[in-house]
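Asks: Provide a 3D model corresponding to the input given below.
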Amino acid sequence: MKGQHVIEVQKVSADNKLSHEEYGYKYIKDAGEWNEQVYDGIKTAKHQLTDDGKWGEFYDGSLYSDLVQQVGEPSSLHEDENEITAIWTQNPTSRHVLWVNVKYDKQTGMIIKKNIEGWPMDP
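Replies: Numbers count the residues shown, from 1 in each chain. Below is the predicted model of the structure:
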């Protein structure tokens, strides 16, 4: 069979074009009880500046304890002097690697930062 060529076709997923944040958001439901509405509903606290130019307490943010009631306990906690970072990861049956990170202030319990990342799990 003269002139025969083999062409290999690879399927490219639209997910390959997503940033880690977009990917994580798309598959957030694979991280326990998380969903887009819960993530979007988290209000990060503001940091008060005192009259003498020092940082005061956080205010006007969602409470970490309320979030745990909605989505359950995190997979891990990492603590430093003033803040705690809680991390939720993917369910054991997921085909995705997911990290939902929430940082909250120890004194007020208010959430001061949130982010999500995700990517495909290697086959």
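Asks: So, low pLDDT: which residues of this structure?
Replies: The chain contains residues with pLDDT under 70 at 1-13, 123.
Asks: Show me where the protein has its helices.
Replies: Here the chain has its helices, by DSSP state H, at 20-26, 36-41, 64-71.
Asks: Please produce JSON lines containing these, extended by mean neighbour count and distance to K54.
Replies: From N, CA and C alone the C-beta is placed, and that goes for glycine too. Below are the helices of the chain laid out as JSON lines (neighbours: other Cβ atoms under 10 Å; distance: least, Cβ to Cβ, whole Å):
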{"stretch": "helix 20-26", "mean neighbour count": "18", "distance to K54": "33"}
{"stretch": "helix 36-41", "mean neighbour count": "13", "distance to K54": "31"}
{"stretch": "helix 64-71", "mean neighbour count": "15", "distance to K54": "24"}
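Asks: which residues does the closest residue to S75 other than its chain neighbours bridge with?
Replies: Spatial nearest neighbour of S75, excluding adjacent residues (Cβ to Cβ, 6 or more residues apart in numbering): T89 at 4.5 Å. Taking DSSP bridges as the rule, T89 bridges to W99.
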